[in-house]
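# What follows is a predicted structure for the sequence shown.
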Amino acid sequence: MHSPAAKHNSADMAKLQRLASYASLSVASILIIAKFWAWVSTDSVSILSSLVDSFLDMLASSITVIAIYFSLMPADSEHRFGHGKSEGLAALMQAIIVTTSAIYVFKEAVLRILDPQPVQNPAGGIAVMALSIALTFALLTFQKHVTKVTGSIAIAADSVHYRSDLLINLSVVVAVFVTGWINLPLLDPLVGIGIGCYILWNTYEIAVGALDVLLDRELPEEERNRIYEIAVAHPKVLGFHDLRTRSSGSKLFIQFHLELDPATPLLRAHKILDEVEDSVRNAYPRCEIIVHPDPLGFEEMRDGFEPYESQ
């Protein structure tokens, strides 16, 4: 999990997320029209598999648009932690959609192996797939930037299946060329099976990321170590424990206990906590922090695990 760059404010990041979701939906819509024409022209099962994948891409991108809309809604009286988990739900739904596309591709590929058919109009099919490659690459470049800036899991999930689309489109170009001009009809459905396998592999990545958010998985160890190092860098902090972290959409939630000198006045302790919170927030701009002060040496129940190496 990478923290969003500090130089981007919340309004800028929200605008980027919305723009990325609209771009994804637009690209999917254009590719459906182009690939439908290519499939009708070529009768290629590999192009059909790519067309089905684009249909499901459009559905997944529509879900992403809705998820981004809800995730960017501010917290309210009934959702005090905001609506960020809608991104996790969207990513999980995308995983189900992508799995469905893989199953359909397998079915069509097996039927074509049992009854091989030549590919018609290979030039037209290749031209459409070249357009798909160009649009997909442009979209992926933009999504990578948006994910880096915002940390949005919905955009990241969208990017995962569009990365698979890029490989799919390249594979289809090879399959259509070889099948159409070298007369190897079995290659077309075999490429379709390979595409299905690759889709399933990417589904695993999407599903794991979604479940991590929905089940409040801790941030990666290097991020927790970084939080620890920032907190104990304050000269008045004498101890650190009970670190808990989670993410919700592009927002992070961080809480921990700090040990201070027992003689520290309440007002001074409050200022120390504020200074530590400011330091952590500088590294993780879109986060909510809860810090609890403890007097050094005070015996209390603590977590049964240590989430950072330095302890």
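Done, it's in.
# For the stretch 101-250 of the chain, just list every one of the helices.
Along the stretch 101-250 of the chain, counting by DSSP state H, counting those that start in this stretch, helices occupy 122-150, 153-181, 187-214, 221-232.
# distance between the first one and the chain's centre?
Averaging C-alpha positions (Cα atoms, centre = their mean, to the nearest Å) puts helix 122-150 17 Å from its chain's average.
# worst average pLDDT in the helices of the stretch 101-250 of the chain?
Among these, helix 153-181 carries the lowest mean pLDDT, a mean of 73.
# That helix relative to helix 187-214, how many degrees between them?
Between helix 153-181 and helix 187-214, the angle comes out at 180 degrees (axes from the mean of the first three to the mean of the last three Cα atoms, to 10 degrees).
# Helix 153-181 - contacts with which helices or strands?
helix 10-42, helix 45-71, helix 85-114, helix 122-150, helix 187-214 (3 or more Cβ pairs under 8 Å, 6 or more residues apart in numbering; DSSP states H and E). Using the backbone N, CA and C atoms, a C-beta is placed for each residue, glycine as well.
# list the buried ones in it?
Neighbour counts over helix 153-181 (16 or more other Cβ atoms under 10 Å) mark 153-165, 167-169, 171-173, 175-180 as buried.
# Out of the helices and strands packed on helix 153-181, which is closest to residue 232?
When the helices and strands packed on helix 153-181 are compared by Cβ to Cβ, helix 187-214 sits nearest residue 232, at 26.7 Å.
# For that closest one, buried residues please.
Residues of helix 187-214 classed as buried: 187-196, 198-200, 202-203, 205-207, 209-210, 212-214 (neighbour count, 16+ other Cβ under 10 Å).
# now stretch 146-154
146, 147, 149, 150, 151, 152, 153, 154.
# Next: stretch 26-33.
27, 28, 31, 32.
# can you put these in CSV and add distance to residue 219?
Listed next are the buried residues of stretch 26-33 as CSV, based on distance: Cβ to Cβ, whole Å:
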residue, distance to residue 219
27, 31
28, 31
31, 35
32, 37
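# list the contacts for the residue nearest to residue 202 when sequence neighbours are not counted?
Of all residues not flanking residue 202 in the chain, residue 164 sits nearest, at 4.5 Å (Cβ to Cβ, 6 or more residues apart in numbering). Contact analysis of residue 164 by Cβ atoms under 8 Å, 6 or more residues apart in numbering lists 98, 198, 199, 202.
# Quickly name whichever of the buried residues of stretch 26-33 is closest to residue 237.
residue 27 (48.8 Å).
# wait, what's in contact with that closest one?
135, 136, 138, 139, 162.
# Let me know the secondary structure of the residue lying farthest from the centre of the chain.
Distance from the C-alpha centroid of the chain peaks at residue 263, with 46.7 Å (Cα atoms, centre = their mean). Here residue 263 is recorded as coil under DSSP: H, G, I helix; E, B strand; the rest coil.
# Leaving out chain neighbours, which residue sits closest to the most centrally placed residue in the chain?
Geometric centre of the chain, nearest residue: residue 156, 2.3 Å, by Cα atoms, centre = their mean. Using Cβ to Cβ, 6+ apart and skipping the chain neighbours, the partner closest in space to residue 156 is residue 147 (4.8 Å).
# Do I have it right that the one you found meets residue 158?
No - Residue 147 is beyond contact range of residue 158, at 9.1 Å (criterion: Cβ atoms under 8 Å).
# how is the chain carved up into domains?
Per automatic domain parsing, the structural domains of the chain span 10-214, 221-295.
# List just the nearest of the buried residues of stretch 146-154 to residue 277.
Once Cβ to Cβ is applied, the member of the buried residues of stretch 146-154 that ends up nearest residue 277 is residue 151, at 19.4 Å.
# What distance do you get for the closest one to residue 233?
Residue 151 sits 24 Å away from residue 233, going by Cβ to Cβ, to the nearest Å.
# In the helix or strand hosting residue 281, which residues are buried?
Secondary structure from DSSP states H and E places residue 281 in helix 266-283. By neighbour count on 16+ other Cβ under 10 Å, the buried set for helix 266-283 is 269, 272, 273, 276, 277, 280, 281.
# now, among these, which is nearest to residue 23?
Each of those was checked against residue 23 using Cβ to Cβ; the closest is residue 281, at 30.1 Å.
# Pull the contacting residues for that closest one.
Applying Cβ under 8 Å, 6+ apart, we find residue 281 in contact with 287, 289.
# State the pLDDT value of it.
Residue 281 is given a pLDDT of 91.
# Ok, residue 84 next?
With respect to pLDDT, residue 84 scores 67.
# Pretty sure residue 206 sits against residue 98.
Yes - counting by Cβ under 8 Å, residue 206 does reach residue 98; the two are 6.6 Å apart.
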